[in-house]
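> sequence and computational prediction follow.
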Amino acid sequence: MDCLFCKIVEGEIPSKKVYEDEYCYAFEDIAPIAPVHILFVPKKHIGGACDITAENSAVVGKIYEAIAKVAKEKGLGNGWRVVSNNGPDAGQTVFHLHFHLIGGRPLGVMVSEE
């Protein structure tokens, strides 16, 4: 499989690691949109939210536990956002489930009407 995030998890591609446990790996986004912009990915490949099943859904809970821990460590007590794009129309460009933790400034509206 030629998956960018799998290669990052395996250490084949360098990243700025922020957090790691047996379920997930978190690293700084290379194009941050806020002072804190961290990607959380499951260590086992899941293509996207549409590929979450009863067999692999527990990892999503573990990732959210990690997100909450890191958000607290980063001092995001005033609020933060978690975004997961699913599919090309949503802007997903790497087809490995991932969650963007975004914070450190007021974020405003997430989606505007066109």
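Everything's here; your move.

> what residue ranges in this structure score low on pLDDT?
1, 110-114 (pLDDT under 70).

> which residues in it form helices?
Applying DSSP state H to the chain gives helices spanning 4-9, 58-73.

> now for the last one, which elements pack on it?
Right, the one you point to is helix 58-73. Here helix 58-73 touches strand 17-20, strand 24-28, strand 36-42, strand 80-83, strand 99-103, going by 3 or more CB pairs under 8 Å, 6 or more residues apart in numbering; DSSP states H and E. (Each C-beta comes from the backbone N, C-alpha and C, glycine too.)

> count of residues packed around the residue nearest to L101 when sequence neighbours are not counted?
In space, and not counting its chain neighbours, L101 is closest to I38: 4.5 Å by CB to CB, 6 or more residues apart in numbering. Close neighbours of I38, defined as other CB atoms under 10 Å, add up to 25.

> I38 reaches V70, doesn't it?
Yes. Assessed by CB atoms under 8 Å, I38 is found in contact with V70 at 6.4 Å.

> common neighbours of the two, please.
18-19, 26, 101 (CB atoms under 8 Å, 6 or more residues apart in numbering).

> how close does G61 get to K72?
G61 sits 17 Å away from K72, going by CB to CB, to the nearest Å.

> kindly apply the preceding question to N86 instead.
27 Å.

> so the two - more neighbours on which side?
Ranked by neighbour count (other CB under 10 Å), N86 and K72 place N86 first, with 16 against 11.

> grab the nearest non-local neighbour of the more buried one.
Per CB to CB, 6+ apart, closest to N86 is A49, 4.1 Å.

> then V18?
Nearest to V18 is A26, by CB to CB, 6+ apart, at 4.6 Å.

> who's that neighbour bridged to?
For A26, the beta-bridge partners are Y19, F40 (DSSP bridges).

> on that earlier part again, reformat the helices and strands packed on helix 58-73 as a markdown table; add distance to S57.
Converted to a markdown table, the helices and strands packed on helix 58-73 look like this (distance: least, CB to CB, whole Å):
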| stretch | distance to S57 |
| --- | --- |
| strand 17-20 | 20 |
| strand 24-28 | 14 |
| strand 36-42 | 11 |
| strand 80-83 | 16 |
| strand 99-103 | 14 |
